[in-house]
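1. have a look at this prediction, sequence included:
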Amino acid sequence: MKSTILIVAGLFCVFAVAQRIHCTSPVRYYVSDFRANWYRATEYCFYMGMQPVIVETAEEHNKVIEVVKDSNVFTNDSFIAWIGASDLGEEGIFVWHATGTRVRYANWRPGQPDNDKNQEDCVTLMNMPAAGWEWHANDEPCWNSHYFICENVDMRTQIGTF
């Protein structure tokens, strides 16, 4: 079987004769170096053979924070990034987009989620210490433009068939 290898954003992709794309990555998390709305961020994660990050425990939350702090886009003053949860399907019921499972853990800031102005359905991870946001989850309008965090769950993921 003939294969072609392609490198996309640090991922190693193999195109086989059957036209299936397989990607592997040496990293678990990817922090974007550009901003996008939640929909585009989600598409980009899937395009890279990853998924928008799922944070199910305090331990995972802390790992993600460490990865963000090591990224080129992190600043101590203000950092906002999309993660993989929303309540687009049913208001007030937050689910992880990649799996459809309900969010059981989120480090929500007190008073959040609040669906401000009936327009906040997508979830960010926010660190703005001067404003009292210290690595809290927040619901925001999905069209806002932020950095985003993807994760490579399987380290080898089939991402499409032509």
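-> Structure received. Numbers count the residues shown, from 1 in each chain.
2. from here on, contacts and neighbour counts on C-alpha atoms
-> OK.
3. next one: phi and psi at the spatially most central residue of the chain?
-> Central residue of the chain (Cα atoms, centre = their mean): residue 52, 3.0 Å from the mean position. The phi and psi values for residue 52, taken as degrees, to the nearest 10, are phi -60, psi 140.
4. and if you look at residue 117?
-> Dihedral pair for residue 117: phi 60, psi 20, per degrees, to the nearest 10.
5. any idea how many residues pack against it?
-> 7 (other Cα atoms under 10 Å).
6. same question, residue 48
-> Residues near residue 48, counting by other Cα under 10 Å, number 24.
7. same question, residue 80
-> 21.
8. then the one 4 residues further on?
-> Around residue 84 sit 27 other residues, with neighbours defined as other Cα under 10 Å.
9. check residue 110 too.
-> Residue 110 - counted by other Cα under 10 Å - has 11 other residues nearby.
10. tell me the pLDDT at it?
-> As predicted, residue 110 sits at a pLDDT of 95.
11. ok, it to residue 136 distance?
-> 9 Å (Cα to Cα, to the nearest Å).
12. for the residue nearest to the centre of the chain, give the beta-bridge partners.
-> When bridges are called by DSSP bridges, residue 52 pairs up with residue 150.
13. isn't residue 86 right up against residue 100?
-> No - counting by Cα atoms under 8 Å, residue 86 stays clear of residue 100, with 10.0 Å between them.
14. comparing these two, which residue is more hemmed in?
-> It is residue 86, of residue 86 and residue 100, that has more neighbours when counted by other Cα under 10 Å, with 26 against 12.
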